[in-house]
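Asker: Have a look; sequence and predicted model below, questions after that.
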Amino acid sequence: MRRLARWLLPPVLLCAGYALWVGLTGRGPACPIHAALGLWCPLCGASRMGLALLRLDLPGALRANAVLLALLLPGTIWGAVHAVRYVRTGDGSVRRWERALLWGAVGVLLVTAMLIVPAATARNLARTAGGMFWWALLAGISSGFAGLTLSAQDWLATSSGATIILVSCCWFAASCVWAALRGHRRA
């Protein structure tokens with residue numbers, strides 16, 4: 001039981017602290033995608049859903065992200081079953097279909113990030129729609145090339161997909177600084 005508490009205590013405290021902060025201040029962290037594009041991303045919906053669930057507002061949670069809400073209970077049960085099995089037996093293995101499902105979810109997140117982050121970067125850098133196209137193309141291609149090159153280095157030893165997304169996020173951070181320096185505001 002101590003082993004389970006050691007693994008679960010940090011994320012539970014982090015979530016409780018986040019909920020307390022949002023509950024007291026009424027403000028959560030700003031979404032860079034929403035700030036750049038004016039569109040709510042799936043993660044924004046997940047945050048709004050989680051906050052609605054903390055307020056016991058089930059209809060609000062359903063409006064914010066219905067798909068994630070439907071997957072929340074089975075995912076929580078699956079995670080709890082595996083956590084208990086790991087604590088009792090030390091066996092952290094998953095079945096073949098579970099592994100495929102988990103890798104599929106990771107793939108969806110990576111593909112979504114690779115589509116959204118270069119566009120958000122371009123929105124911060126461009127002055128016209130045509131310019132946004134070229135900036136997004138440059139950010140996407142350079143992120144892919146740099147991420148693949150970095151991940152192939154022995155000293156880094158990371159997966160290529162994650163490294164590409166990290167480089168793309170560095171592009172986005174630099175574009176946010178550039179936009180702030182030139183006074184570029186988006187609604």
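Answerer: That came in fine, so what should we check first? Residues are numbered from 1 along each chain as shown.
Asker: Flag the shaky bits of this protein, pLDDT-wise.
Answerer: Scanning the chain with the threshold set as pLDDT under 70 gives 1-8, 15, 19, 22-23, 26-37, 39-44, 184-187.
Asker: In the helix or strand where P74 lies, which of the residues would be classed as buried?
Answerer: Assigned by DSSP states H and E, P74 belongs to helix 66-89. For helix 66-89, the neighbour count (16 or more other C-beta atoms under 10 Å) marks L68, L69, L72, V87 as buried. All C-beta spots, glycine's among them, are computed from the backbone N, C-alpha and C.
Asker: And it, how far out from the chain middle?
Answerer: Distance of helix 66-89 from its chain centroid, counting by C-alpha atoms, centre = their mean, to the nearest Å, is 19 Å.
Asker: same deal with stretch 155-169?
Answerer: 15 Å.
Asker: Next: stretch 140-152.
Answerer: For stretch 140-152, the distance to the chain centre is 20 Å (C-alpha atoms, centre = their mean).
Asker: Can you tell me what sits against it?
Answerer: 114, 117-118, 156, 158-168, 171 (C-beta atoms under 8 Å, 6 or more residues apart in numbering).
Asker: coming back round to it: which strands or helices does the helix holding P74 pack on?
Answerer: Under the contact definition 3 or more C-beta pairs under 8 Å, 6 or more residues apart in numbering; DSSP states H and E, helix 66-89 sits against helix 2-25, helix 42-54.
Asker: For the lengthiest helix in the chain, buried residues please.
Answerer: Identified as the longest helix of the chain according to DSSP state H is helix 96-125. By neighbour count on 16+ other C-beta under 10 Å, the buried set for helix 96-125 is 110, 113-114, 116-125.
Asker: and if you look at stretch 154-163?
Answerer: G161, T163.
Asker: same check, this time on stretch 46-55
Answerer: A46, S47, R48, M49, G50, L51, A52, L53, L54.
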